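No sequence on hand, only this structure:
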(Lines give C-alpha, C1' and ligand atoms only; values in the text may rest on other atoms or scores of the structure.)
Protein backbone atom coordinates (compact mmCIF):
# COMPACT_ATOMS: atom_id res chain seq x y z
CA UNK A 1 0.00 0.00 0.00
CA UNK A 2 2.81 2.38 0.84
CA UNK A 3 4.35 1.64 -2.54
CA UNK A 4 1.13 2.74 -4.27
CA UNK A 5 1.10 5.99 -2.28
CA UNK A 6 4.67 6.69 -3.36
CA UNK A 7 3.66 6.18 -6.98
CA UNK A 8 0.79 8.65 -6.64
CA UNK A 9 2.90 11.31 -4.97
CA UNK A 10 4.65 12.53 -8.17
CA UNK A 11 1.25 12.92 -9.80
CA UNK A 12 -0.01 15.08 -6.94
CA UNK A 13 3.09 17.28 -6.61
CA UNK A 14 2.57 19.35 -9.79
CA UNK A 15 -0.78 20.71 -8.53
CA UNK A 16 -0.07 24.37 -7.78
CA UNK A 17 -0.76 25.71 -4.36
CA UNK A 18 -2.86 28.81 -3.89
CA UNK A 19 -6.35 29.71 -4.96
CA UNK A 20 -7.26 27.03 -7.50
CA UNK A 21 -10.63 28.67 -8.20
CA UNK A 22 -8.92 31.91 -9.16
CA UNK A 23 -6.54 29.99 -11.43
CA UNK A 24 -9.47 28.15 -12.97
CA UNK A 25 -11.37 31.41 -13.50
CA UNK A 26 -8.33 32.99 -15.17
CA UNK A 27 -7.87 29.95 -17.42
CA UNK A 28 -11.56 30.15 -18.34
CA UNK A 29 -11.27 33.86 -19.21
CA UNK A 30 -8.15 33.21 -21.28
CA UNK A 31 -9.87 30.35 -23.09
CA UNK A 32 -12.92 32.52 -23.83
CA UNK A 33 -10.70 35.30 -25.19
CA UNK A 34 -8.84 32.81 -27.34
CA UNK A 35 -12.08 31.37 -28.69
CA UNK A 36 -13.38 34.87 -29.44
CA UNK A 37 -10.18 35.66 -31.31
CA UNK A 38 -10.38 32.43 -33.30
CA UNK A 39 -14.04 33.08 -34.13
CA UNK A 40 -13.23 36.60 -35.31
CA UNK A 41 -10.43 35.33 -37.55
CA UNK A 42 -12.61 32.56 -38.94
CA UNK A 43 -15.30 35.13 -39.78
CA UNK A 44 -12.71 37.27 -41.56
CA UNK A 45 -11.48 34.24 -43.49
CA UNK A 46 -15.04 33.31 -44.42
CA UNK A 47 -15.66 36.83 -45.73
CA UNK A 48 -12.46 36.73 -47.76
CA UNK A 49 -13.43 33.36 -49.23
CA UNK A 50 -16.89 34.72 -50.13
CA UNK A 51 -15.29 37.66 -51.98
CA UNK A 52 -12.91 35.29 -53.77
CA UNK A 53 -15.84 33.08 -54.81
CA UNK A 54 -17.73 36.10 -56.17
CA UNK A 55 -14.66 37.25 -58.10
CA UNK A 56 -14.10 33.75 -59.48
CA UNK A 57 -17.73 33.59 -60.63
CA UNK A 58 -17.35 36.92 -62.45
CA UNK A 59 -14.14 35.76 -64.14
CA UNK A 60 -15.82 32.53 -65.26
CA UNK A 61 -18.71 34.51 -66.77
CA UNK A 62 -16.25 36.72 -68.65
CA UNK A 63 -14.29 33.70 -69.88
CA UNK A 64 -17.47 32.04 -71.15
CA UNK A 65 -18.39 35.23 -72.97
CA UNK A 66 -14.92 35.44 -74.54
CA UNK A 67 -14.98 31.79 -75.59
CA UNK A 68 -18.47 32.23 -77.06
CA UNK A 69 -17.34 35.33 -78.97
CA UNK A 70 -14.25 33.52 -80.23
CA UNK A 71 -16.37 30.58 -81.41
CA UNK A 72 -18.72 32.96 -83.25
CA UNK A 73 -15.78 34.68 -84.96
CA UNK A 74 -14.31 31.31 -86.01
CA UNK A 75 -17.61 30.09 -87.40
CA UNK A 76 -18.08 33.29 -89.35
CA UNK A 77 -14.50 33.17 -90.66
CA UNK A 78 -14.61 29.47 -91.48
CA UNK A 79 -17.90 29.83 -93.33
CA UNK A 80 -16.78 32.66 -95.64
CA UNK A 81 -17.16 31.70 -99.32
CA UNK A 82 -18.12 28.09 -98.61
CA UNK A 83 -21.86 27.52 -98.18
CA UNK A 84 -21.29 23.94 -96.92
CA UNK A 85 -18.81 24.95 -94.21
CA UNK A 86 -21.40 24.85 -91.45
CA UNK A 87 -22.15 21.16 -92.07
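Thanks, I have it. As the structure is a computational prediction, the values presented were derived from the model and not from experiment. Numbers count the residues shown, from 1 in each chain.

Report the mean confidence score over the lengthiest helix in the chain.
Among the segments of the chain that qualify as a helix by DSSP state H, the longest is helix 20-78. In this model, helix 20-78 carries a mean pLDDT of 92.

by contact count, what packs against it?
The contact analysis (3 or more C-beta pairs under 8 Å, 6 or more residues apart in numbering; DSSP states H and E) places helix 20-78 against no helix or strand. Quick note: C-beta positions are derived from backbone N, CA and C, even for glycine.

from now on call the first residue 54
In the new numbering, first residue 54, that becomes helix 73-131.

Now do residue 139, the pLDDT please.
pLDDT recorded at residue 139 is 52.

List the contacts of residue 98.
If you count contacts by C-beta atoms under 8 Å, 6 or more residues apart in numbering, residue 98 has none.

can you tell me how far it sits from residue 104?
According to C-beta to C-beta, to the nearest Å, residue 98 and residue 104 sit 11 Å apart.

got it, and residue 93?
The gap separating residue 93 from residue 104 is 17 Å, by C-beta to C-beta.

where do the contact lists of residue 98 and residue 104 overlap?
With C-beta under 8 Å, 6+ apart as the test, residue 98 and residue 104 reach no residue in common.

Can you give me the neighbour number for residue 109?
Neighbour count for residue 109, taken as other C-beta atoms under 10 Å: 10.

ditto for residue 117
Neighbour count of residue 117, defined by other C-beta under 10 Å: 10.

any idea how far residue 110 is from it?
Separation of residue 117 from residue 110 (C-beta to C-beta) stands at 11 Å.

again with residue 119
For residue 119, the distance to residue 110 equals 15 Å [C-beta to C-beta].

Kindly report the same for residue 94.
Taking C-beta to C-beta, one finds residue 94 at 25 Å from residue 110.
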